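Asker: Please work out how this folds:
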Amino acid sequence: MATTTPRSPYEILGVAKGASAEEIKKAYRKLAREYHPDRNPGDASAEERFKEVQGAYDLLSDPEKRKQYDTFGSANGRGGFQGGNVNFGDFNVGDLGDLGDLFGGLFGGRGGRPAGGRTSRAQRGSDVEVQVNLSFEDSLKGVETKIPVTLETACSECHGSGAKPGTAPKICPECHGRGVVAESQGFFALSQPCPRCHGNGTVIEDPCPHCGGSGRERRTKRYTVKIPAGVKDGTRIRLKGKGEAGFAGGEAGDLYVVTRVQPSKLYERRGDDLIVDLPVTFSEAALGATVEVPTPDGAVSVKVKPGTQDGTLLRVKGRGAPRLKGSGRGDLLARVKVEVPKKLKKRERELLEELQKQSHGDPREALFS
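Answerer: Okay, the predicted model is just below:
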């Protein structure tokens, strides 16, 4: 009588023997979604395939068991791999704890909650990130703004329980609240999520009509956010507890407001310093002058020393951006831009020609020395 050689766990998951833990996890999640009983009701072959995939992942996700299998051909050193019938040795079903985190997220209803069930332990809600657009001026002085945020919140009718008002979720009669069941076959055992409660430990016999038993609903809230002076593009402002509602009494996640600052036509920001281009004439650069430079607080006077070169930075202390962490402000740096006239009047040309005659030395001499 012909016999069929059992497939290896690598073949079952469709990965190479040298696959990384991340590659194995990715393959497992894909197959688990495809063959999960919730997506294939009444399909016995899909259920068997799911058990096989689960058993392969349980072995390969454990570094020690995987090492034993690669060395001896089994997880216990006796050879052979029987898909979902992996021998876990001293592995205890209770070690799995609540599988709601994994299977609730993979196969659940809205918001990651399995339809008709609820998580058996408190879980923190997800963090949410939104962006707010600011003008460059508002980023420097600070502003108060209202931001609309659409969130998964606790159902306003059942307050997150998922059960019809006046009723409550009940302990799952099949797994007695553990969220997992064990299927024994001789000396082998396979632990899997409870098919009745989907790994949550509780069932809802009379779902809330408003949320369909999910315990969640999407609502748009408007938050007033104080944007402090000195924020930069990409600054994250945390609003604790303003994210999505938690599960089973868990605390809400946080809301992160990310600032998007529009570029300024006048200033360039470098840390807490502001740089502004300051045009000066050739004669002002050569002879020196007192000129005005714009700042966020109004114009101030700066001295251009005789012989100032193009690109020189003139520092005006305390006239830059407010420091977001700490006190005080950065500096304003006026970057000198010497304007060379494109057209000269007759008298201007005569004066420059006379100046050239009086000039001493060759400014390019060092290039050839």
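
Asker: who touches stretch 17-28?
Answerer: Residues outside stretch 17-28 that contact it (CB atoms under 8 Å, 6 or more residues apart in numbering) are 10, 13, 14, 15, 53, 56, 57, 60, 61, 70. Bear in mind the C-beta positions are built from the backbone N, C-alpha and C, glycine included.

Asker: Okay, buried residues for that stretch please.
Answerer: For stretch 17-28, the neighbour count (16 or more other CB atoms under 10 Å) marks 19, 24, 25, 27, 28 as buried.

Asker: where does the last one fall, helix, sheet strand or coil?
Answerer: If I follow you right, that is residue 28. Classification of residue 28 by DSSP: H, G, I helix; E, B strand; the rest coil places it in helix.

Asker: One more: the first one?
Answerer: With three-state DSSP as the basis, the three-state label of residue 19 is coil.

Asker: Now do it, the pLDDT please.
Answerer: Turning to residue 19, the model gives it a pLDDT of 88.

Asker: what's the answer for residue 239, then?
Answerer: You'll see residue 239 listed with a pLDDT of 95.

Asker: Repeat that for the one 10 residues further on.
Answerer: Residue 249 carries a pLDDT score of 75 in this model.

Asker: still on that earlier bit, could you dump the contacts of stretch 17-28 into a markdown table with neighbour count, pLDDT and distance to residue 179 added?
Answerer: Putting these into a markdown table (neighbours: other CB atoms under 10 Å; pLDDT from 0 to 100; distance: CB to CB, whole Å) gives the following:
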| residue | neighbour count | pLDDT | distance to residue 179 |
| --- | --- | --- | --- |
| 10 | 21 | 89 | 29 |
| 13 | 24 | 91 | 24 |
| 14 | 13 | 90 | 28 |
| 15 | 19 | 90 | 28 |
| 53 | 25 | 88 | 19 |
| 56 | 27 | 88 | 22 |
| 57 | 21 | 89 | 18 |
| 60 | 26 | 90 | 23 |
| 61 | 14 | 88 | 19 |
| 70 | 13 | 79 | 31 |
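
Asker: Filter these down to just the ones in helices.
Answerer: Among these, the members found in helices (DSSP state H) are 10, 13, 53, 56, 57, 60, 70.
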